[in-house]
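>>> mind looking at a prediction? Sequence and model below.
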Amino acid sequence: MSLLTKAYWEGLKNKQRKLKEKIQKDHWRLHYHQMPATGWLNDPNGACQFKGTYHLYHQYVPENPEGGIPHWAHKTSKDMVHFTEEEIFLSPEHSYEKDGVYSGSAFVKDDEIHYFYTGNVKNSGGYDYIFNGREQNTVHAVSKDGFSLELQEVVIKHEDYPKEYTDHIRDPKIFAKNGLYYMVLGARRKDHYGELLLYRSKDLYTWEFHGILLEKKEDMGYMWECPDFFDLNGKSVVLFSPQGLNKKLHQFQNVYQTGFYIGETDWDKIEFQPEASFKELDYGFDFYAPQTFEDESGRRILWGWMGLGDTNAEYVNPTVNHGWQHALTLPRELTIEQGCLKQRPLPEYQMIRKEENRIEANISGEYRNVELTCEVSELLIYFDEVEDGFEIHLRQDTVIRYDKGILSITHGVSGAGRSFRTVKIDKLEQLHIFSDTSSLEIFINDGDYVMSSRVYPDKGKNQVRFRGHAQLRVNKWEIAKTVID
């Protein structure tokens, strides 16, 4: 029997109706990024392509833009650009998930989609919810169409996890190798180190603990969330979101981070060996809990949450006052080229380009306007020459600056508390900037690095100015709106 009554659903629809009325009037409502229909959005979940249709699910609190007990929202698309908002897919309807349908993934096998997610339970009492009082059960759900469920059951109970771990074990990701299925789970050890657990199955229904995919590291934090594992261009990639990293110069500047290791996997020992140090996926203000999937054409595609977990006193999102909060990044295609992971926006987004403006400019000295504006738009900038101290001013009071091998982004009041982020690069050759009403995504040097940020300029503050010394070429497009009012 469902824990959610008819009265609950009627009350929820009434709250959503009121929030939608506020959202319709919000000029910061995004035009071509995925955002919640109402309320709160966080982690992308269950991303897959099934019989030609892309399915995207995400953590969702429909009645409250400040968060709460999450469901899974559901969006579908035929082209990865235009999405349809579907009915809520998963809700906390059972005792094993009563305090939230937490994050998970999808695995397509034959004519079914297998979903694995964490069912969250917080028991009443004086618990710390780290070492006691919390259950995080691994749940398996099966669908023949991506919309309705044939089966929903717990496959790993909370009490069956290894005893050396806290109550924080979650976010299952599934992959297949050598005729077997593997599940990676993020975990927090009792001695306050993060690890990635590995389970194995012959049929996706019965799972056994198989060891540690990636062991604790002294400087890698106390909890590893949202793990992912895949093979790409002959290499193995382990991706996860560690909590508790110490800030370093030009690294780990947010409250929580997301990054990856590239390496080799010994499938006899089931052991992953990184070839290099941990590298962040995104150096901006707003990026966490990404998920990848392989589509039917063989591309490895990543979605990221354009936000951060837990309370972050440094900055806020004023859209809360308009009934919604957070968004997803553009989907990015991942490749490994010359040993480096590259992230590029999907070429499908070129279909929504409108008017094009091309400019070649020799920038020399103080501010120069070049008849460019930037709100719902795309800028592709090539640098033939650039000197230290070069700046791009856009979106009211945002500054992108290149100086002595450091690319930085600075926000003024439009950042709503966001201030300064940096990334170290060898040289500046290209910037690919996607600007939406309240977001910026900056792809650096053909996807070598990315910086993502939410930004909230006053309406009409869209002038682009350059300052410093550079020889550059600019392609700029207005972008068509893909969100249907």
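Received, thanks.
>>> contact partners of the helix or strand where F434 lies?
Using DSSP states H and E, F434 falls within strand 430-436. Around strand 430-436, the neighbours that count as contacts under C-beta atoms under 8 Å, 6 or more residues apart in numbering are 30-33, 330, 345, 349, 374-383, 392, 394-395, 400, 440-447, 479. C-betas here are computed from N, CA, C, even on glycine.
>>> please enumerate the helices of this protein.
Along the chain, the stretches classed as helices by DSSP state H are 6-23.
>>> return the helix or strand in it with minimum mean pLDDT.
Least confident helix or strand of the chain, by mean pLDDT, DSSP states H and E, is strand 353-373 with a mean of 81.
>>> angle of it against strand 430-436?
If you take axes from the mean of the first three to the mean of the last three C-alpha atoms, to 10 degrees, strand 353-373 sits at 100 degrees to strand 430-436.
>>> pull up the pairing partners for strand 353-373, direction included.
The pairing partners recorded for strand 353-373 under DSSP bridges are strand 463-479 (antiparallel).
>>> isn't E294 up against F230?
Yes. Counting by C-beta atoms under 8 Å, E294 touches F230, with 7.2 Å between them.
>>> tell me, what's touching those two both at once?
Going by C-beta under 8 Å, 6+ apart, residues that sit against E294 and also against F230 are R300.
>>> who touches the least confident helix or strand of the chain?
Residues outside strand 353-373 that contact it (C-beta under 8 Å, 6+ apart): 378-379, 390, 393, 462-480.
>>> please repeat the previous calculation with a cut-off of 7 Å.
The contact list for strand 353-373 (C-beta atoms under 7 Å, 6 or more residues apart in numbering) reads 378, 462-480.
>>> likewise for stretch 18-32?
Residues lying outside stretch 18-32 but in contact with it, judged by C-beta under 7 Å, 6+ apart, are 38-39, 319, 322-324, 327, 352, 376, 436-439, 456, 459, 479, 481-483, 485.
>>> so what's the nearest residue to G339 once chain neighbours are set aside up against?
Among residues not flanking G339 along the chain, I262 sits closest, at 7.2 Å (C-beta to C-beta, 6 or more residues apart in numbering). Neighbour list for I262: 235, 237, 275-276, 336, 341 [criterion: C-beta under 7 Å, 6+ apart].
>>> please enumerate the strands of the stretch 251-400 of the chain.
259-266, 271-274, 279-280, 288-294, 300-306, 324-325, 327-328, 332-337, 340-345, 353-373, 377-386, 390-394, 398-403 (DSSP state E, counting those that start in this stretch).
>>> OK, contacts around D388?
Taking C-beta under 7 Å, 6+ apart, one finds 403-404 in contact with D388.
>>> any regions of the stretch 351-485 of the chain where pLDDT drops low?
Scanning the stretch 351-485 of the chain for pLDDT under 70 picks out 367-371, 484-485.
>>> so the residue nearest to G339 bridges to which residues?
Taking DSSP bridges as the rule, I262 bridges to V237.
>>> how far away is it from T329?
Plainly put, I262 is 21 Å away from T329 if you go by C-beta to C-beta, to the nearest Å.
>>> the residue nearest to the spatial centre of the chain and A327, how far apart?
Geometric centre of the chain, nearest residue: G304, 1.4 Å, by C-alpha atoms, centre = their mean. G304 sits 10 Å away from A327, going by C-beta to C-beta.
>>> list the contacts of the residue nearest to the centre of the chain.
G304 touches 282, 287, 290, 328-329, counting by C-beta under 7 Å, 6+ apart.
>>> again, 10 Å this time
Residues in contact with G304, defined by C-beta atoms under 10 Å, 6 or more residues apart in numbering, are 43-44, 226, 241, 258, 281-282, 286-292, 327-332, 343, 441, 450, 452.
>>> quick revisit: in TSV, list the contacts of I262 along with pLDDT.
Shown next, in TSV, are the contacts of I262 (pLDDT from 0 to 100):
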residue	pLDDT
K235	95
V237	98
E275	93
A276	90
I336	97
L341	98
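>>> okay, now the unreliable bits of the stretch 201-350 of the chain?
When residues are selected by pLDDT under 70, those of the stretch 201-350 of the chain lie in 311-313.
>>> let's see 80
309-313 (pLDDT under 80).
>>> quick revisit: show me which of the contacts of strand 430-436 are buried.
The neighbour-count test (16 or more other C-beta atoms under 10 Å) applied to these identifies 30-33, 330, 345, 349, 374-381, 383, 392, 394-395, 400, 440-445, 447, 479 as buried.
>>> related to what we said a few turns ago, now, of the contacts of strand 353-373, which are buried?
Those of those that meet the buried threshold are 378, 462-468, 470, 472, 474, 476-479, by 16+ other C-beta under 10 Å.
>>> which two among these are spaced furthest apart?
Farthest pair in the buried ones among the contacts of strand 353-373 (C-beta to C-beta) is G468 and I479. Separation: 27.1 Å.
>>> could you report the separation of the spatially closest residue to K461 that is not a sequence neighbour from G412?
Counting by C-beta to C-beta, 6+ apart, K461 lies nearest to Q396, which is 3.6 Å off, once chain neighbours are set aside. Distance, Q396 to G412, by C-beta to C-beta: 7 Å.
>>> the more surrounded of those two?
When Q396 is set against G412 and neighbours are counted by other C-beta atoms under 10 Å, the residue ahead is Q396, at 19 against 14.
>>> pretty sure that one is touching V413, no?
Yes. Using C-beta atoms under 10 Å, Q396 is in contact with V413, at 7.9 Å.
>>> shared neighbours, the two?
Residues within reach of Q396 and of V413 at once, by C-beta under 10 Å, 6+ apart, are 456-458.
>>> looking at these, state which has the most neighbours.
Result: P457 is most packed of the shared contacts of Q396 and V413 (other C-beta under 10 Å), 24 neighbours.
>>> for that one, give me phi and psi.
Dihedral pair for P457: phi -70, psi 160, per degrees, to the nearest 10.
>>> contact partners for the residue nearest to it when sequence neighbours are not counted?
In this structure, P457 finds its nearest non-sequential neighbour in Q396, 3.5 Å apart by C-beta to C-beta, 6+ apart. Q396 is in contact with 411-415, 455-463, counting by C-beta under 10 Å, 6+ apart.
>>> kindly report the same for P65.
So P65 contacts 19, 22-23, 36, 38-41, 317, 319-326 (C-beta under 10 Å, 6+ apart).
>>> so, low pLDDT: which residues of the stretch 1-150 of the chain?
Across the stretch 1-150 of the chain, the ranges flagged by pLDDT under 80 are 1.
>>> roughly how far does G221 sit from K481?
G221 sits 40 Å away from K481, going by C-beta to C-beta.
>>> more crowded one of the two?
A direct count of neighbours by other C-beta under 10 Å for G221 and K481 places G221 higher, at 22 against 15.
>>> might one say that the more buried one is in contact with Y193?
Yes. With contact defined as C-beta under 10 Å, G221 and Y193 form a contacting pair (7.8 Å).
>>> what do the two both touch?
Residues touching both G221 and Y193 (C-beta under 10 Å, 6+ apart): G244.
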